[in-house]
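A.B. asks: Build the 3D model from these lines:
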Amino acid sequence: MSETEKDPEAEPAATESKEPEPAAAALEDPAADNGRPTRAKADADAKVSAATPPTQKGAKAGEREAEKDGAQESAKGGAQEPAKTAAQEAAKTGATSDAAASTKDTATSDATEPTTSDATETAKGDQRVSLVKAGDKAQDEDPFGSFAPVPEAEPSRARRVASRVGNAVGEFLGHEWTMAAVGSVLLAAFMTWPTLRHPATTIPQDTADPTLQAWQMSWGGHALISDPGQLWNANAFFPDKYSYAFSDTLLGYAPAGMIGSGPVAALVRYNIMYVLIFALAFFGAYVLARQLGARPTGAVVAGAAFAYAPWRLGQAGHLHVLSIGGIALALAMLARGHGFSLRDGYQPDRRRWGWVLAGWLVAAWQISLGFGIGIPFVYALLLIVVATAVSWGYRHVRRRGFARPFGWKLFFANLGGGTLFAAVGALMAYPYLQVLKDHPYARRSEELVGLFSPPLKGFFIAPPESWLWGDAYAAARGTLTWAPEMALLPGFFLYGLAFAGLFVSTWRIKHRIWMLVGVVVTVALAMGTHGLGKGEFGYLALYRALPGFDGIRTSGRLVVWTTLFLALLAAGAVSAFAERAVELFADRTQTERSDRAGFLPRLATLIPVMLVLFEGAHSTPHPVVPTTPVAMSTVQGPLMVLPSHELFDMNVMLWSTDGFPKIVNGGSGFTPMDQQELRLTMQQFPDAATVALLRERGIRTVIVVRSQALGSAYERAIDAPIDGLGLTRTEQNDVVLYKVEAG
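C.D. replies: Alright, predicted model coming up:
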């Protein structure tokens, strides 16, 4: 009898000592299997199977049968308790009690202490074979899978969407433009305080022009909602037509006028817009400077100088003059869309037709706010378009073989945007031309232009609303014939920074020279008849040659462009200072040039910002607006409120926002002759002549504000006798109400 027949378990033990078991090899190198059975593994399985006694083979068969039935836990637990599993499977397959006991004893002996006996080696071989068989079932499983951490569950679709939205919101909130926009609004609220302290009862500067402009925003929104066809035929100045075009309309703010109704809503709306126009001016100049190549600190200086120049404080009652942010923002968008900056020049790969179209839309919105600022902007854009086209074409022809791509998308974006811009300008110009046709005396004469033309010294005199310089220049303002339009100081700190920017700047020398030329030319034009040759070679030449200039009363408002050029020069200087600060910090700390500057160098570059803002601090009054009489909301028009003069009529226009009844009253840039005649005649009200005139013009109600009429030419209207005049009189608090009976 051979050795194998005498001891069937001897061969597996010998085999184990000569070469590693397949299961052991799999444990040592999990990557070797890769889920595919190998030839060596198959041979090893065959040897083990041949050397296993029939009883153990039955146990193996039972184990495989259990695996076929889906007993996953047996395969996983075979590595931890192989002997126990073998005993259980032997019982299931009907193995003899002796074989089961032998297997159990072997497992017990193996669990208690190591041994080198043949029986122990046989049990270990059974355990390894069991592990190999389990591996055959799950070919792709890692042998160490039971020790690995539980895999994370795949997030749901809702969670993935929420994560993407959160990331997008975080990027948006952290973007430079978002932070600049939010910072602009917060700074504007601070710099214009206390405008938002009592927005429902007070208004900046005075109760004349601001109340007119509060009415303009309200009427624009009301007309577009109720009857767009009657937009230009406003409820004021009855019965004149195109009365909405008697002054700059602020039509671009009409969407805000759609929110709320009545005088209180009009005041709140005006005060909010007053703050926002400063924010837009800051933001527009900031993004323009950044697009042209300034560093953030330099761009902040440009924004602060453009939005809070001292001369703007003197225009606190003229919202249409303060609304200049769209100019800088449109230029920034157009430059970005064309891939242009002063630092890098023209870069065709940065062209974006969408930005070009957006720039033209903003430009169209800007001119819808008014022609006083809008007409010079129109010609400035036209000049930029012509100069750019000539420069691009010249370089194309001069440097043959050198392509300067423009692209059809960009071409059509400019064509479409420019056409829309021109269309808006034409639609806005039509009612003004009709006003000039009906009231030719409304045209601005050269004598009137001369009356409002500032001298050169006006650019060094601050308005009284300047907190820093107002009192210091009181005597100097006394030498000006019309100080509100002639005190045009852009800022002494701004002058200093712009002068430094001529010598030290991030801009190229040729760009600095062009900016200096812009400053000189715009100052000369803003001086009107005080310019070169008494304006013959400056403003008056434009006044006579270019359509629309004869509708501008005050040449000094061209200081807007002077301020913009000065702000860009200052931005170049501060940007150069900031770059130098970074270099010095890098040299001293032995850090890379790309590292951020330290706290002190960065703080030092903010000093110019603080100086410019400090110079823009104001002492603007915020008077309480007269309360609207209750009768204004209870009577139907047409009606007339007495007393009637230009400034008080602006309050009446605000009161009329409660229902917008037709009113004879109205104040604007000029006074219609029929309105002036009625004002003079109504000083004798009530009498037979005035009552007959009221009936003739279709006016059925007269409201006399007692507190305003006392001491005026309309005082007799308070309590004069009305017997036989066809009038009924009632009193409501401070109001005397007359009803004109049908004749």
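A.B. asks: residue contacts, the closest residue in space to residue 432 that isn't next to it in sequence?
C.D. replies: Nearest residue to residue 432, sequence neighbours excluded (C-beta to C-beta, 6 or more residues apart in numbering): residue 245, at 5.0 Å. Where C-beta positions appear, they are placed from N, C-alpha and C, glycine not excepted. Each residue near residue 245 by C-beta atoms under 8 Å, 6 or more residues apart in numbering is listed here: 232, 431-432, 434-435.
A.B. asks: what about the closest residue to residue 216 other than its chain neighbours, how many neighbours?
C.D. replies: Among residues not flanking residue 216 along the chain, residue 250 sits closest, at 4.8 Å (C-beta to C-beta, 6+ apart). Neighbourhood size, residue 250 [other C-beta atoms under 10 Å]: 25.
A.B. asks: ditto for residue 546
C.D. replies: Neighbours around residue 546, by other C-beta under 10 Å: 14.
A.B. asks: before we move on, what about the one 10 residues further on?
C.D. replies: Burial of residue 556 is recorded as 26 neighbouring residues (other C-beta under 10 Å).
A.B. asks: same deal with residue 555?
C.D. replies: 28.
A.B. asks: Would you quantify the distance from it to residue 581?
C.D. replies: 41 Å (C-beta to C-beta, to the nearest Å).
A.B. asks: repeat for residue 547
C.D. replies: 49 Å.
A.B. asks: Residue 191 now?
C.D. replies: 26 Å.
A.B. asks: Same check on residue 286?
C.D. replies: 20 Å.
A.B. asks: Between these two, point out the one with more neighbours.
C.D. replies: A direct count of neighbours by other C-beta under 10 Å for residue 286 and residue 581 places residue 286 higher, at 32 against 19.
A.B. asks: what's the nearest residue to that one if we skip its chain neighbours?
C.D. replies: Nearest one to residue 286, counting by C-beta to C-beta, 6+ apart, is residue 303 at 3.8 Å.
A.B. asks: what's the answer for residue 638, then?
C.D. replies: Nearest to residue 638 is residue 662, by C-beta to C-beta, 6+ apart, at 4.2 Å.
A.B. asks: Near that neighbour, how many other residues are there?
C.D. replies: Residue 662: 18 neighbours (other C-beta under 10 Å).
A.B. asks: And the pLDDT for it?
C.D. replies: Looking at residue 662, its pLDDT is 95.
A.B. asks: One more: residue 16?
C.D. replies: 39.
A.B. asks: same deal with the one 10 residues further on?
C.D. replies: Turning to residue 26, the model gives it a pLDDT of 36.
A.B. asks: For the stretch 251-400 of the chain, which segments count as strands?
C.D. replies: 340-341, 345-346 (DSSP state E, counting those that start in this stretch).
A.B. asks: most tightly surrounded among those?
C.D. replies: strand 340-341 (a mean of 17; mean count of other C-beta atoms under 10 Å).
A.B. asks: Show the average pLDDT along that one.
C.D. replies: 92.
A.B. asks: Provide a list of residue ranges in the protein with pLDDT below threshold.
C.D. replies: 1-152, 396-404, 586-602, 743 (pLDDT under 70).
A.B. asks: Next, the buried residues of stretch 216-225.
C.D. replies: 216-223 (16 or more other C-beta atoms under 10 Å).
A.B. asks: what's the closest of those residues to residue 705?
C.D. replies: residue 218 (20.5 Å; C-beta to C-beta).
A.B. asks: now stretch 689-706: how far from the chain's centre is it?
C.D. replies: Centroid displacement of stretch 689-706 relative to its chain, using C-alpha atoms, centre = their mean, to the nearest Å, is 50 Å.
A.B. asks: again, but for stretch 544-560
C.D. replies: 31 Å.
A.B. asks: distance between the ends of that stretch?
C.D. replies: 22 Å (C-alpha to C-alpha, to the nearest Å).
A.B. asks: What number of residues are in the vicinity of residue 680?
C.D. replies: For residue 680, using other C-beta under 10 Å, the count is 11.
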